[in-house]
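Student: pasting a predicted model and its sequence here:
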Amino acid sequence: MSGHASKEIDTTASWGGKVSPFSVSYGKLMMWFFLVSDALTFGGLLVAYGYTRYTFDGMWPIGEETFEALPFLGNGFPLVYVALMTFILIVSSVTMVLAVEAGHRMDKKGVIKWMLATIIGGFFFVGSQAWEWSHFIHGTEFGRVQLSDGSSAIVKGEFGDIESFEVIEAGAHSPAAGELITNENISEADGDLMHAFHHAAEEGHLEGSNATDLKIHLHDGTVAKVNRAADKDLQLVIKEPGTKYAVSLPSDKETRIHGEEATELYYEAITAGKVIYGANMEQNEYGPKQYGQFFFFITGFHGFHVFSGVVINILIFIGVLRGIYHKRGHYEMVEKTGLYWHFVDLVWVFVFTFFYLI
Amino acid sequence: MERDDVIEYSLDTHHSEEEGKKIRKKIWFVTLLLTVVTAVEVLLGAFVKQGGSMWTTVKIIFIVLTLLKAGYIVLTFMHLGDEKKALKWIILLPYFIFIVYLMFIAFNEATAVGAEM
């Protein structure tokens, strides 16, 4: 173990000042200095996030309400996906520290094995983050609606499946009246049924008063009946107050709007074009626009760190394979890249708590 | 070209097979701990609702658990616990002073700004 102040150092090899005050090599000390400054950057970002959040108070989105989707399985799994991402990063941090440990025993095979595992873990994390971004940007099936009293609400419940559009008036590219538009024969401009539905809702091109009785106007002038199952358990969670409805309390589901009233208000809003789906830099369905901006910046900046960490790990891994460090007599390069990799994990621990949990 | 790094410091971290076993045991212990703590955090986050009577307590538990995780990562995984004391505190002290102070100022001000809005 390092840290012996009394260690005799061959003076011909030491620094100008003869001896390192901290008994660590130049490279390792500089890595620590870099990490200190990088941590202050993330500290600043998270404090800025906290500041903004405090100024908005009750309107700010809540982690377990916002992040509750899983790939292939849909909604209703609060925080499970982020927890999985956290676990992936912790595991890859463990494999990294095992690589460093193997390096300390000059066990080249061990270093190769564990570094490879670390790199794979890194790719898994970057991939999971890509999915999460995509999900955040595309948004939920319901979106966020502005109600007639000026209040604004996110929606919980199960969105009724869209089966097809039944053509009433044929447009330029649609099948004849009476035929069905499905995901198989929908025009490229419309993408798929859900996309076409969302687009029409945003533009105010829907008519009707409930899930199973909607008419849609498509790009090419087609007018069609939307064949849909009914929504299940639709609830409106008020996030911004209006003249009639107050903000719903996260701790009390009774303060949400339920039943017939919720359905009526929701379809009144989406047929009037007062709905937002997903997120971009200007607006998002989850909360104030700053929320989306912080999400993109903080998780993006962290994700960029993970990505560069994977790249650096690969470079060092190649060095290990070529036996550069073995010849040198020590695997300190693995230790240094390890420090960076652990730091990335460390930052995520804080992002996880302050962005997702609290 | 002659290398100008001090190889003695780098060799200093080497250890034997037996020591390695002990270190690996500690690593697996920390792994288990970090996993369990994360699981506990997620369960608390999913089941305790914000703004409820338990929320303030849970918030404090979150922060304590986060610092616990961070401590284990920095001191064990990053080996800062094994470095010289001076180095350890030069790295850690800025956060205890600067970040805590910044948080205090920012959140106080933000509450005031929020009340104005």
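Tutor: Structure received.

Student: what's the closest non-adjacent residue to B:H14?
Tutor: Of all residues not flanking B:H14 in the chain, A:H104 sits nearest, at 5.3 Å (C-beta to C-beta, 6 or more residues apart in numbering or on different chains). All C-beta spots, glycine's among them, are computed from the backbone N, C-alpha and C.

Student: number of residues surrounding that neighbour?
Tutor: Using other C-beta atoms under 10 Å in any protein chain shown, A:H104 is surrounded by 24 other residues.

Student: once you drop chain neighbours, what's closest to the residue in the stretch 251-358 of chain A positioned nearest to chain B?
Tutor: Closest approach between the stretch 251-358 of chain A and chain B, counting by C-beta to the nearest C-beta: A:S251, at 3.5 Å. Nearest residue to A:S251 in three dimensions, chain neighbours excluded: B:G52, at 3.5 Å (C-beta to C-beta, 6+ apart).

Student: run a quick neighbour tally on the closest residue to A:V80 other than its chain neighbours.
Tutor: The shortest distance from A:V80 to any non-neighbouring residue, by C-beta to C-beta, 6+ apart, is to A:L70 (6.1 Å). The number of residues packed around A:L70, counting by other C-beta under 10 Å, is 14.

Student: over to the one 5 residues further on?
Tutor: Other residues near A:N75 come to 15 when the count uses other C-beta under 10 Å.

Student: repeat for A:T271
Tutor: A:T271 has 19 neighbouring residues, counting by other C-beta under 10 Å.

Student: let me see the contact set for it.
Tutor: Taking C-beta atoms under 8 Å, 6 or more residues apart in numbering or on different chains, we find A:T271 in contact with A:201, A:204, A:206-209, A:214.

Student: and what of A:I181?
Tutor: Shown in contact with A:I181 (C-beta under 8 Å, 6+ apart): A:164-167, A:174-175, A:193, A:218, A:222, A:224.

Student: among those residues, list the two that are farthest apart in space.
Tutor: Using C-beta to C-beta, these span at most 14.1 Å, a distance reached by A:P175 and A:L193.

Student: helix or strand: which one has the residue nearest the centre of chain B?
Tutor: Nearest to the mean C-alpha position of chain B, by C-alpha atoms, centre = their mean, lies B:A70 at 1.3 Å. Per DSSP states H and E: B:A70 is located in helix B:55-72.

Student: tell me the helices and strands packed up against that helix.
Tutor: Secondary-structure packing of helix B:55-72 (3 or more C-beta pairs under 8 Å, 6 or more residues apart in numbering or on different chains; DSSP states H and E): helix A:332-351, helix B:17-47.

Student: list the contacts of it.
Tutor: For helix B:55-72, the surrounding residues in contact (C-beta under 8 Å, 6+ apart) are A:251, A:346, A:349-350, A:352-353, A:357-358, B:30, B:33-34, B:37-38, B:40-41, B:44-45, B:48-49.

Student: re the thing from before, next one: the residue nearest to the centre of chain B, what pLDDT does it get?
Tutor: Confidence at B:A70, expressed as pLDDT, is 93.

Student: for chain B, give me the ranges with low pLDDT.
Tutor: In the prediction, chain B carries residues with pLDDT under 70 at positions B:1-6, B:117.

Student: per-domain residue ranges of it.
Tutor: B:1-82, B:84-117 (automatic domain parsing).

Student: reformat those domains as TSV; add distance to A:I324.
Tutor: Formatted as TSV, these follow (distance: least, C-beta to C-beta, whole Å):
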stretch	distance to A:I324
domain B:1-82	12
domain B:84-117	27
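
Student: so which of these has the densest surroundings on average?
Tutor: Looking across the domains of chain B with neighbours counted as mean count of other C-beta atoms under 10 Å in any protein chain shown, the highest average goes to domain B:1-82: a mean of 16.

Student: how far does that domain sit from its chain's centre?
Tutor: Distance of domain B:1-82 from the chain centroid (C-alpha atoms, centre = their mean, to the nearest Å) equals 6 Å.

Student: cool, stretch B:69-84 as well?
Tutor: 8 Å.

Student: point to the residue nearest the middle of chain A.
Tutor: Nearest to the geometric centre of chain A sits A:E132, at 3.7 Å (C-alpha atoms, centre = their mean).

Student: looks to me like that one is in a helix.
Tutor: Yes: the assignment for A:E132 is a helix, going by DSSP: H, G, I helix; E, B strand; the rest coil.

Student: touching, it and A:M85? I think so.
Tutor: Yes: here A:E132 reaches A:M85: they are 7.4 Å apart, a contact under C-beta atoms under 8 Å.

Student: in chain A, which spans are helices?
Tutor: For chain A, helices defined by DSSP state H occupy the ranges A:26-56, A:63-66, A:80-104, A:108-138, A:193-203, A:259-271, A:289-294, A:300-321, A:324-328, A:332-351.

Student: residue contacts, the residue nearest to B:H14?
Tutor: Taking C-beta under 8 Å, 6+ apart, we find A:H104 in contact with A:331, B:13-15, B:20.

Student: what about 7 Å?
Tutor: Contacts for A:H104 (C-beta atoms under 7 Å, 6 or more residues apart in numbering or on different chains) come out as B:13-15.

Student: need these in CSV with distance to A:Y266 and secondary structure, can you?
Tutor: Converted to CSV, the contacts of A:H104 look like this (distance: C-beta to C-beta, whole Å; DSSP: H, G, I helix; E, B strand; the rest coil):
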residue, distance to A:Y266, secondary structure
B:T13, 62, coil
B:H14, 66, coil
B:H15, 64, coil
